[in-house]
Structures are given as C-alpha cells and as structure tokens.
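J.: quick one, structure for this:
(one chain, ligands or ions: 1)
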Amino acid sequence: MSWTDDRVATLTKLWADGLSASQIAAELGGVTRNAVIGKVHRLGLSGRAKPASSSARKVKTAAARSSNSYNARPRALRPTGRTAPSVPSRPAIEDIPVPVSKKILLEQLTDKTCKWPDGDPSTDDFHFCGNNTKEETPYCEYHCRMAYQTVTDRRRVKRAANG
Ligand SMILES: [Zn+2]
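T.: Residues are numbered from 1 along each chain as shown. From the prediction side, this is the model:
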C-alpha cells in the first residue's frame, strides 16, 4: 500500500476532522491504524490538526501583521516627500512676470485687453492693465492667475489626481 497524494489528502482531512487513527484506517482501507499513526507523525500532523492549524493560522496572521507594519513603516517615515512632487511643477504667481500696465482707460477696453483695474477709481490715475488677455479670460496671464487662483489651483489638483 502506498501513500498517494489523494490518500495523504484524505488522511490529512480526516485527521483534521477529528477522526481517530483507526477510523481513518477504516476510511482509507488497506492500511493499518499503526500505519495511519506513523504517517500522521511523518506528516507532522501529530497533535490534533484543529488546534495545530488554528495556532498555525495565528502565527501566520501575526507574521502577516508584522510584515504589514514593517511595510507601512517606510511609508510613515517619509511624510515630507509626499507633497514634494506636486509643488515644484506648479508655477506660483511669483513665477509669472508682472505685466507692465498699459494704463488704458475704461473706454479703451476691448475683448483683447486685460480688464484688471489699477489704482483708485475715484482718481484720474485709475486705469486698467490693458495687456493682452489670456485665452478666454478677461485678464492677462498674471491677473488671470490673481483672479482665478483658487479655481486654477482646484483644476490643477483635479488634473493631478486624474493623471
Ligand atoms: Zn493684466
């Protein structure tokens, strides 16, 4: 009689189910109770499989837990690197050259001129930026950034999240 994989599997299962060696021998057929006990010992199943497997599971879980926390540790150790990649790629308003105001008046404004007001409206010195507008906005790039800073920031965050 040889221990085929199937028979070993059956033995292991029945042992785990709590059957006695003689019951397993009867179940398998063609094998003595002593042979079953011998095989059980050789397989390292001695000591009932149930408590053995549950303690094995406990060990495994503890190992998994400790390996998880081990993996998590380097991540927790570099909180400063987390924000670094997004910040340099974002041009701050300081990076945009401040436009030289063309000092145009209200009646000189067109679709193509920046409508950013400059100065005190109650004085003669009051004027508009007047530089070329940026795309669909009423402002030049610099004043557009001033006006829509929050919006563009939000868009950037969204774009960063998508890409
Ligand atoms: Zn402007």
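
J.: for the protein, what spans make up the helices?
T.: Here the chain has its helices, by DSSP state H, at 5-16, 21-28, 33-42, 49-77, 80-83, 141-162.

J.: contact partners for the nearest residue to residue 98 once chain neighbours are set aside?
T.: Counting by Cβ to Cβ, 6 or more residues apart in numbering, residue 98 lies nearest to residue 142, which is 5.9 Å off, once chain neighbours are set aside. Every residue, glycine included, has its C-beta placed from N, CA and C. Contacts for residue 142 (Cβ atoms under 8 Å, 6 or more residues apart in numbering) come out as 93, 96, 97, 98, 99, 131.

J.: just the buried residues of the residues you listed.
T.: Neighbour-count burial (16 or more other Cβ atoms under 10 Å) applied to the contacts of residue 142 gives 99, 131.

J.: so what's the residue lying closest to residue 119 once chain neighbours are set aside up against?
T.: Sequence neighbours aside, residue 126 is the residue nearest to residue 119 in space, at 4.3 Å (criterion: Cβ to Cβ, 6+ apart). By Cβ under 8 Å, 6+ apart, residue 126 lies in contact with 117, 118, 119, 120.

J.: nearest to the ion among those?
T.: residue 118 (8.4 Å; Cβ to the ion).

J.: cool, thanks, signing off.
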